[in-house]
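Colleague: please find the sequence and the predicted model below.
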Amino acid sequence: VYRLVDIGAGGCEIAVWLLREARRRGLRLTVTAIDVDPRAVTFSQSRYGAVPGLEIREMDAFQIEQLGPVDYVFSNHVLHHLPDAQIVALLRVLQRNVRRRIVCSDLERNQFSYTVFSLLTRPLLRRSFARVDGLLSIRKGFVGHELAELATKAEIKAEVQRMCPGRVVLVCEGNLKVVRPLGLEPRTR
């Protein structure tokens, strides 16, 4: 069974989708969805609390070691909310506590994304906080090399990819080595 932590899970839509997709592909996956916002946690628990394989917790990503060994970590639109020093610290914490892979998807800061979002949301969300927050989030997003530099500062080897529309994704390997108790080493032939 693979264990994934979804950081900043919000409404848990991605976590639920991942569980459905894993089941469809015959993979055994559990997801721990964490968020620091108690409103998001309350909403998610009321909507998805009974989904098999999903645990929803109010928790800070820096506390991930409390969850024990984790195979994968995923975050979506989280990093741009943090100052650079906290991103560096978080990447270090994650790499120490993840066995397989860390994937952090965020917004790409560019004029095209800003303009398109602005134009598409103007008629529907003219006076909405969602529009103002979305435009601010794009301005706080990243250019690919900026995420790569933060990974370098964290002393981790990461790959940063651009993805359309308007996304950058940081991918790095976990560094947690699981130590087997004596007597449980794999057999050699």
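Modeller: Right, received. Where do you want to start?

Colleague: for the spatially most central residue of the chain, give its distance to L150.
Modeller: Nearest to the geometric centre of the chain sits S75, at 0.8 Å (CA atoms, centre = their mean). Distance, S75 to L150, by CB to CB, to the nearest Å: 13 Å. Every C-beta, even on glycine, is put in place using the N, C-alpha and C of the backbone.

Colleague: now swap in G26 and tell me
Modeller: G26 is 36 Å from L150, by CB to CB.

Colleague: for stretch 78-89, which positions count as buried?
Modeller: Within stretch 78-89, the residues that count as buried by 16 or more other CB atoms under 10 Å are 78-80, 87-88.

Colleague: quick one: residues contacting the residue nearest to the centre of the chain.
Modeller: S75 makes contact with 6-8, 61, 103-106, according to CB atoms under 8 Å, 6 or more residues apart in numbering.

Colleague: which residues in the chain form strands?
Modeller: 2-7, 29-35, 54-58, 70-76, 98-107, 158-163, 167-173 (DSSP state E).

Colleague: next, format those as TSV and append mean pLDDT.
Modeller: Formatted as TSV, these follow (pLDDT from 0 to 100):
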stretch	mean pLDDT
strand 2-7	98
strand 29-35	98
strand 54-58	98
strand 70-76	96
strand 98-107	96
strand 158-163	93
strand 167-173	95
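
Colleague: which one of these lies closest to T121?
Modeller: strand 98-107 (14.3 Å; CB to CB).

Colleague: elements contacting the closest one?
Modeller: strand 70-76, helix 84-97, helix 129-140, strand 167-173 (3 or more CB pairs under 8 Å, 6 or more residues apart in numbering; DSSP states H and E).

Colleague: ok and it relative to strand 70-76, angle-wise?
Modeller: With axes from the mean of the first three to the mean of the last three CA atoms, to 10 degrees defining the directions, strand 98-107 sits at 0 degrees from strand 70-76.

Colleague: what does strand 98-107 rub up against?
Modeller: For strand 98-107, the external contacting residues (CB under 8 Å, 6+ apart) are 2, 64, 69-80, 91, 94-95, 113, 137-138, 140-142, 147, 163, 166-178.

Colleague: where in the protein is pLDDT low?
Modeller: Within the chain, the stretches with pLDDT under 70 are 176-189.

Colleague: show me what contacts L29?
Modeller: 1-4, 18-19, 22-23, 53.

Colleague: that older thread, partner residues bridging the closest residue to the residue nearest to the centre of the chain other than its chain neighbours?
Modeller: In space, and not counting its chain neighbours, S75 is closest to I7: 4.0 Å by CB to CB, 6 or more residues apart in numbering. With DSSP bridges applied, I7 shows beta-bridge pairing to I34, S75.

Colleague: run a quick neighbour tally on I7.
Modeller: If you count neighbours by other CB atoms under 10 Å, I7 ends up with 23.

Colleague: picking up where we left off before, just the helices and strands packed on strand 98-107: most buried one?
Modeller: strand 70-76 (a mean of 21; mean count of other CB atoms under 10 Å).
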